[in-house]
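**Q** Turn this into a model:
(4 chains)
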Protein chains: 4
Amino acid sequence: MIVFLVPDVSPIQLQHLLELLQKHGLHGFQTEFDGRTVVLTTEIRSGYCANTPELQAALSDIPGIEKVVRVAEPYPLVARAAREERSRVQVGSLSLGNGTFGIIAGPCTVETEGQTLLTALAVKKAGANALRGGAFKPRSSPYAFQGLKEQGLKILAKAREETGLAIVTEAMSPEEVPLVAEYADVIQIGTRNAQNYRLLQAVGKIRKPVLLKRGFGCSLEEFLMSAEYILAGGNQQVILCERGIRTFESFTRFTLPLAVVPELRTKTHLPILVDPSHATGNGDFVIPMSAAATAVGADGLLIEVHPEPNAALCDGRQSLTFDEFEKLVRTCERIFPIAREEFSG
Amino acid sequence: MIVFLVPDVSPIQLQHLLELLQKHGLHGFQTEFDGRTVVLTTEIRSGYCANTPELQAALSDIPGIEKVVRVAEPYPLVARAAREERSRVQVGSLSLGNGTFGIIAGPCTVETEGQTLLTALAVKKAGANALRGGAFKPRSSPYAFQGLKEQGLKILAKAREETGLAIVTEAMSPEEVPLVAEYADVIQIGTRNAQNYRLLQAVGKIRKPVLLKRGFGCSLEEFLMSAEYILAGGNQQVILCERGIRTFESFTRFTLPLAVVPELRTKTHLPILVDPSHATGNGDFVIPMSAAATAVGADGLLIEVHPEPNAALCDGRQSLTFDEFEKLVRTCERIFPIAREEFSG
Amino acid sequence: MIVFLVPDVSPIQLQHLLELLQKHGLHGFQTEFDGRTVVLTTEIRSGYCANTPELQAALSDIPGIEKVVRVAEPYPLVARAAREERSRVQVGSLSLGNGTFGIIAGPCTVETEGQTLLTALAVKKAGANALRGGAFKPRSSPYAFQGLKEQGLKILAKAREETGLAIVTEAMSPEEVPLVAEYADVIQIGTRNAQNYRLLQAVGKIRKPVLLKRGFGCSLEEFLMSAEYILAGGNQQVILCERGIRTFESFTRFTLPLAVVPELRTKTHLPILVDPSHATGNGDFVIPMSAAATAVGADGLLIEVHPEPNAALCDGRQSLTFDEFEKLVRTCERIFPIAREEFSG
Amino acid sequence: MIVFLVPDVSPIQLQHLLELLQKHGLHGFQTEFDGRTVVLTTEIRSGYCANTPELQAALSDIPGIEKVVRVAEPYPLVARAAREERSRVQVGSLSLGNGTFGIIAGPCTVETEGQTLLTALAVKKAGANALRGGAFKPRSSPYAFQGLKEQGLKILAKAREETGLAIVTEAMSPEEVPLVAEYADVIQIGTRNAQNYRLLQAVGKIRKPVLLKRGFGCSLEEFLMSAEYILAGGNQQVILCERGIRTFESFTRFTLPLAVVPELRTKTHLPILVDPSHATGNGDFVIPMSAAATAVGADGLLIEVHPEPNAALCDGRQSLTFDEFEKLVRTCERIFPIAREEFSG
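**A** Got it, this is the predicted structure:
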């Protein structure tokens, strides 16, 4: 259960509650959620939330409680039941979730100022709502180009100044989080760090939106548990991003399981983004799969765009040209209202 | 290479061609395609089509040849290059492919005449173009209900009479093909028989459309090779149906890899159907995944509909009610024109 | 439940039992098992065996019943509980299961009499217990060499005459079963036909051992259900063969999940064979994986051997030379006693 | 190419080499390997090692070079060609690789001093070569028990004192590495951190052996690239650990693809460990799968053992009792000599 405390809960009331839980053999995990102090009734070993009628009864007389929400899932704050409304993440030019649709676009890697500004202007003109670009790049080879690091962050900040677009970029370790948070509007956690719990804890402590990618080998439950790590730290602005899973299918780099979108709508209140660029690894599939992701009810898209895909330092084959991106936006803008009408509510 | 012979090719010309191929160490596989006799230049062991410049040169002087089409794929007749236009399968009320969109709907299993007619009328009214229903049912348990067999076929025929809808139903073995073909407009080959080569050969010999489902463990190339078995027999009316693959994802029964649709558009001229009912195994996902399949460029949908899903003899959980199916058709009708405009051509 | 009837059960007793089941809303599925007539108490739609206490009580007074065995699994005759002892399949030179270990070896395809006899003599000398070789070949391409068919069966019969080795070869459709059964000692059902139910029914009607391969996309339960189709027909001599599944792993053709062996030992009484040749698709892995399969408790191995692997008509890359096969046998003969001691009983 | 420099290479010689590579458009990546300074000839963007004949020729005259080793793989230091002999990791009681076999056993989690010492004594007596136990635990739930942290490390150190067993325990982030390295003999990198590149870089800088688990969704190449990150930092003592991958198979938690062992033997000189406890998630499979892993040629095993598996704080179902572990050791000790004889060399 999520126990929401009253705004003016006293330290003694809180202590009383925690002691009561202890008597029931439970740990009261305390954090902030929706402007309230909340206490989760967790089982000590497994971390599951206790929801028994006995506990419910025991809590009914305790002073300082505003309301108690029962959740069956092992990710209480992320669960659909935790909030009445679906969440919307709003930062600068980007608004995403609960009826608004956002497109985040840009190059895989920040290579130069020119390439980045050119792309930022082009995707803005086409209708993108935020700029993505990697400054710290997780590369499978230790000898491959690892990104421009802080210099890349500065270029991104300049692109924001020029275009007004919110900036989305990745942090790869707890120590990088403060630096990246200084420049970025949204901090991305990549698929390879989807279960890097120390990193998740680190972004749970800041108060900026986090774009969390699904691990390509992770189950949906593991994905939501990773999001729970961030919310447990008190950071409620999380965007979930499906980017494809590993299967035997080999004509695409990964397989994009779009049923994840309606499934997540029933399991969580968090907004759901789809990344067809990494999911397929092939620009030829990005427009049709973006159309499909929009039609299935996604709250937004993450798209790789590059001025010259064939000359990109990284992942060029999956990047769109400016013209292709414009076509993508035009198509998705036509499909989104149909999807919203049919599936929302 | 596919060697298209002139309409009035003489037996001697044909013999000459076959002997020439033999001299090159090749087998000339002879069949009918697009109203012509064609000869495939196959390597004897592997079956791959030879495409060498030497062979090309050798064929240039042979009389009786209309044109020679080079194909790199191991499925020459199915390959995109085999035909200039994309294929369209047309039978009775159903037209599917090359710009037309078809919806085939109905119960998993023909249970009674009443249930079947009721469903046929409802799906027709909602906008379906053909009726599906199983008379011969491949069940994983030998003790489970195996279908009404010929009685089921008769009920389907009656439903066609009443509604004008074309009938799609499954055959499970070579011996069943003639009986099923007597009643059905389209013969379905199920996912478990996707590599039942004797069955594929049997439906290759008839001249009725075949709806071929992808094996849930098969690669795309294996899928297209299975289709090639049917075309090699001279039956060119094949509809490919993606119905989901086995992956580690467990919240759906299978995983629907929608990038298959744009991939197949580049690999083959055959029309592409998507079956979201079996792919997800859950009616809650069928409308959004149908919208996605339409947006990604599918030529049609295969949908399970039942008057009372919870009372169905088989696979009820994945069936839609009549109202849900109507909503599905309405949604897809709005998305299809957008998809056609963007992706066709 | 499996209801075993007394040897001299009368038709009237049987009829009485079936009527009683009908009153309970059940179908009494009648077949032969372990020298008895047995009746399975199946639920009509799903085919699941009913095991309720009420049914148990109702059966207690019925004359003509020898014993009643409760099985929880949907594959009652295949389930471990159906028999007290593990099964052993014995035919000619081959004995496999319940403490005996058998190696079936030979070429993928019967190409010529010379190649087949040469291989048969070599594998016999090395210690093989049976000869495998394909006469009807399921090839993914319709244009590839499809096997020598009956001529191949005759060559195999000649090899049996010369070496005394039992013959294992495949049938691909119900119509082929009688012909193959005429020549073969064990009829193989290939992975692509693992859910070809009409074929399973056809081999259920004969009284020769069947080697059933797991479908490469099938779950273990589906595999056991396919075996149940054969036993339901009265044919109890089934050998289960694990041959690898499709996963994202790409350095081998399939992935060999050896934990299947101990799992099957608890789920079924049937003997368990492992085919490392098809599982890996690479001769370099066949000896170590055979050693592993023996160590994990398999009852036998199915191994591809060819006089000149590089010249094989089919699947040469995964075949062993005679010398390699001899090394394989020598290794497995040393490991098997250790495995039997540790895991049997 | 790996350019091995002479022991007394001068700074000027080194500078000359790096400038030469730059002229070829390459980056000379400098590190320590096998007691030498080595320079890798890496392509700047992709990180691939250049191996062209031109480069070879250009290097032939350069002073200060001891030898040049060509490697085709993108993981030059990890590749089999980098060393003449297979590697052996030796630390305290543990020796593993190149003909020696090591068993690392212990509880998933260090719970109490008593539980840990009891287990350490028992596994030592049974024949284990090192003790494993988690002090920092990566748990999927943020609310689950996260390990005793430094207190756990102290308990492990005490167990080493009492038994002489080397200690293997996990670090989860770069910041934890120094603390863990202070207590541990081998630092484990878990499956969820298999592509946490900052962590890999951190353990690349220390000079203690690292046990690197394969990511459950990672390809073999990605696994070896992760190991390359560690060797690139100058730490050459890496043990690779296969612990199962995600597939559609659901009767085990993961699928253990044992062909990985012979494949890794050809691809890398590093020792190969197998973890059947996490791979199967079920103690019933651990003995047979350990026997199989030994037979297939693994250099060692990682086994979970607990005094009372059912009372374990974490992953109890997959732990062995002391008696079971003793049986495991006895079995593997009999199989290992057979495997070494057949597959080594």
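
**Q** could you point out the longest helix in chain A?
**A** As assigned by DSSP state H, the longest helix anywhere in chain A is helix A:322-343.

**Q** Would you mind pulling up the elements that that one packs against?
**A** strand A:102-106, helix A:113-126, helix A:286-295, strand A:300-304, helix B:283-296, helix B:322-343 (3 or more CB pairs under 8 Å, 6 or more residues apart in numbering or on different chains; DSSP states H and E). C-beta here means a position set from N, CA and C on the backbone, and glycine is covered the same way.

**Q** Am I right that residue A:113 is in contact with residue A:157?
**A** No - applying CB atoms under 8 Å as the test, residue A:113 and residue A:157 come out as separate, 10.9 Å apart.

**Q** looking at chain A, which helix or strand does the model trust least?
**A** Ranked by mean pLDDT, DSSP states H and E, the weakest helix or strand in chain A is helix A:53-60, scoring a mean of 90.

**Q** quick one: contacts of that helix?
**A** Helix A:53-60 is contacted by residues A:1, A:3, A:17, A:20, A:24, A:26, A:41, A:65, A:68, A:70 when judged by CB atoms under 8 Å, 6 or more residues apart in numbering or on different chains.

**Q** pLDDT wise, what is the residue in chain A positioned nearest to chain D at?
**A** Closest residue of chain A to chain D, CB to the nearest CB: residue A:217 (1.8 Å). With respect to pLDDT, residue A:217 has a value of 98.

**Q** ok, it touching residue D:246?
**A** Yes - between residue A:217 and residue D:246 there is a contact under CB under 8 Å: 4.9 Å.

**Q** between these two, what contacts are shared?
**A** A:246, B:248, D:216-217.

**Q** Out of those residues, which end up buried?
**A** When the shared contacts of residue A:217 and residue D:246 are checked for burial by 16 or more other CB atoms under 10 Å in any protein chain shown, the buried set is A:246, B:248, D:216-217.

**Q** Of these, which belong to strands?
**A** Using DSSP state E, the subset of these located in strands is empty.

**Q** of the residues you listed, list those near chain C.
**A** Applying CB under 8 Å from any CB of the partner chain to those, one finds that A:246, D:217 fall near chain C.

**Q** What is the nearest of the buried ones among the shared contacts of residue A:217 and residue D:246 to residue D:339?
**A** residue D:216 (25.4 Å; CB to CB).

**Q** quick one: the closest one from residue D:278, how far?
**A** As judged by CB to CB, to the nearest Å, residue D:216 and residue D:278 stand 9 Å apart.

**Q** With residue A:265 instead?
**A** Separation of residue A:265 from residue D:278 (CB to CB) stands at 33 Å.

**Q** Then residue A:18?
**A** Using CB to CB, residue A:18 is found at 35 Å from residue D:278.

**Q** can you check residue A:261 too?
**A** Here residue A:261 is placed at a distance of 31 Å from residue D:278 (CB to CB).

**Q** More neighbours: these two, which one.
**A** Counted by other CB atoms under 10 Å in any protein chain shown, residue A:261 and residue D:278 do not tie: residue A:261 has more neighbours, with 27 against 22.

**Q** how many other residues sit next to the closest residue to residue A:51 other than its chain neighbours?
**A** Using CB to CB, 6 or more residues apart in numbering or on different chains and skipping residues adjacent in sequence, the residue nearest residue A:51 is residue A:70, 5.0 Å away. For residue A:70, the count of nearby residues is 16 (other CB under 10 Å).

**Q** Tell me, how many residues neighbour residue A:112?
**A** By the criterion of other CB under 10 Å, residue A:112 has 12 neighbours.

**Q** Now do the same contact list for the closest residue to it other than its chain neighbours.
**A** Once flanking residues are discounted, residue A:112 sits nearest to residue A:155: 7.7 Å by CB to CB, 6+ apart. By CB under 8 Å, 6+ apart, residue A:155 lies in contact with A:110, A:112-113, A:116-117, A:133, A:135, A:148.

**Q** Find the helix or strand that residue A:155 is a member of.
**A** Element membership of residue A:155 [criterion: DSSP states H and E] is helix A:150-163.

**Q** Can you tell me which helices and strands the following helix or strand past that helix packs against?
**A** Moving toward the C-terminus from helix A:150-163, the first helix or strand encountered (DSSP H and E) is strand A:166-170. Packing partners of strand A:166-170 (3+ CB pairs under 8 Å, 6+ apart): strand A:130-132, helix A:150-163, helix A:177-183, strand A:186-189.

**Q** sorry, back to before: identify each buried residue in the helix holding residue A:155, please.
**A** Going by 16+ other CB under 10 Å, helix A:150-163 has these buried residues: A:152-153, A:155-157, A:159-160, A:163.

**Q** so it versus strand A:166-170, what angle?
**A** Here helix A:150-163 runs at an angle of 160 degrees relative to strand A:166-170 (axes from the mean of the first three to the mean of the last three CA atoms, to 10 degrees).

**Q** Roughly how far does the residue lying closest to residue A:274 once chain neighbours are set aside sit from residue B:10?
**A** Distances taken as CB to CB, 6+ apart place residue A:293 nearest to residue A:274, at 3.8 Å, with adjacent residues excluded. Residue A:293 sits at a distance of 56 Å from residue B:10 (criterion: CB to CB).

**Q** of the two, who's got more company?
**A** Legend: neighbour count by other CB under 10 Å for residue A:293 and residue B:10, higher for residue A:293 (32 against 12).

**Q** For the more buried one, list the residues it contacts.
**A** Each residue near residue A:293 by CB under 8 Å, 6+ apart is listed here: A:256, A:258, A:261, A:274, A:276, A:301, B:292.

**Q** Now the phi/psi pair for the first one, please.
**A** In this case it means residue A:256. Dihedral angles of residue A:256 (phi, psi; degrees, to the nearest 10) stand at phi -90, psi 110.

**Q** What residues of the longest helix of chain A count as buried?
**A** Of the residues in helix A:322-343, A:322, A:324-329, A:331-332, A:334-336, A:338-340, A:342-343 count as buried by neighbour count, 16+ other CB under 10 Å.
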